[in-house]
Each structure stands twice: as structure tokens, then as C-alpha cells.
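# show me the folded form of this:
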Amino acid sequence: MTHGRIPADSSSDLHLPRPRTKPVPDAVVWGLGMTRIVIGAGLIVSPVGLARGLGIDAVTARKVGWMARVAGAREMAIGAGTLLALRRGDPVDGWVAAQAFSDGVDAVAFATSAARGDVAPVRGWGLALFAASGSISEALAVAALRR
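Alright, predicted model coming up:
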């Protein structure tokens, strides 16, 4: 028994743990949450903007503006949940997974709308790729957070 001392002959057996770093820095998680809140607020304040940006006529865009507000509320809720969990020191992987799922669904919706000609194809496919890239990067962040 060594009573807290390391025996002189055990240096080759000594394996000190490496300092553990965060797999995803808090600043990245904060950025993901804050981006959701900003995008959501934009959709709520200007619900016609997204539809018009997709090439939908002004009359139709106004009629479906309520859907943009629903999506905006979803974005803000996911973003706020992410930031609240981060602030409390709670696990954030579930919130980042919700972001990945949300963006994945958006990617499918934009791609479907572009393929059917419901929106300007270049813009629809562009947003589909943008949403898909977000979904993939968020899914990778979730995998890293769960390691």
C-alpha cells in the first residue's frame, strides 16, 4: 500500500487521463439556437417574405403567410429550448436533434415543392440543399455530443 504515493517502479503502468474537451463548443450550440430565434422572428414579422422569395405571387403569399408564422414559432421554440438548456447546463443534444429533424423536413418540403413546380425551381432546390446541409451538420453535432 502506497498511501497516495506513486510507486517508483510503476511509471510504465501509469496512464493519466487526457483532459476532456467538449465535442461541440458552447459557442456553436449558442449560435445554432440564436440563429433559430432570428430566423423564426423574421418569419413571424414578415411572413410573406419567404413565399415571395420562392417566387410565389403576392396574393398567394399573403394567403399562406400564416404557415410562415407557424414555422417561425417552431423555429423560435427550438432555438429558445436550445439556449435555455445550454444556460442551465442541461443536455442540449435533444434540442440539436430537433433542429436536425426540422431542417430535414424542410429540405424534403422545399425539394418536393421545387420538383412539382410549386415554387421557382432554382430557389426551391437551393433552399432544399441549404436545409439539408443544416440537417446533416446538426446530425453530426448530435453524434459528437452523444459520444
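# OK, contacts around Ala144?
23-24 (Cβ atoms under 8 Å, 6 or more residues apart in numbering). Every residue, glycine included, has its C-beta placed from N, CA and C.
# leaving out sequence neighbours, find the closest residue to the residue positioned nearest the centre of the chain.
Central residue of the chain (Cα atoms, centre = their mean): Gln99, 3.7 Å from the mean position. Using Cβ to Cβ, 6 or more residues apart in numbering and skipping the chain neighbours, the partner closest in space to Gln99 is Glu138 (4.8 Å).
# secondary structure element for the residue nearest to the centre of the chain?
helix 93-116 (DSSP states H and E).
# for that helix, list the C-alpha coordinates in CSV.
Extracted as CSV, the C-alpha positions of helix 93-116 are listed here (Å, rounded to 0.1, in the frame of the first residue of the first chain):
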residue,chain,number,x,y,z
ASP,A,93,-28.3,17.0,-27.8
GLY,A,94,-32.1,16.6,-27.9
TRP,A,95,-32.6,20.2,-28.9
VAL,A,96,-29.9,20.0,-31.6
ALA,A,97,-31.6,16.7,-32.8
ALA,A,98,-34.9,18.6,-33.1
GLN,A,99,-33.1,21.2,-35.2
ALA,A,100,-31.7,18.4,-37.5
PHE,A,101,-35.1,16.8,-37.8
SER,A,102,-36.8,20.2,-38.5
ASP,A,103,-34.3,21.1,-41.2
GLY,A,104,-34.6,17.6,-42.7
VAL,A,105,-38.3,18.0,-43.0
ASP,A,106,-37.8,21.5,-44.5
ALA,A,107,-35.4,20.1,-47.1
VAL,A,108,-37.9,17.5,-48.2
ALA,A,109,-40.7,20.1,-48.4
PHE,A,110,-38.6,22.5,-50.4
ALA,A,111,-37.4,19.8,-52.8
THR,A,112,-40.9,18.4,-53.3
SER,A,113,-42.3,21.9,-54.0
ALA,A,114,-39.4,22.6,-56.4
ALA,A,115,-39.9,19.3,-58.2
ARG,A,116,-43.6,19.8,-58.6
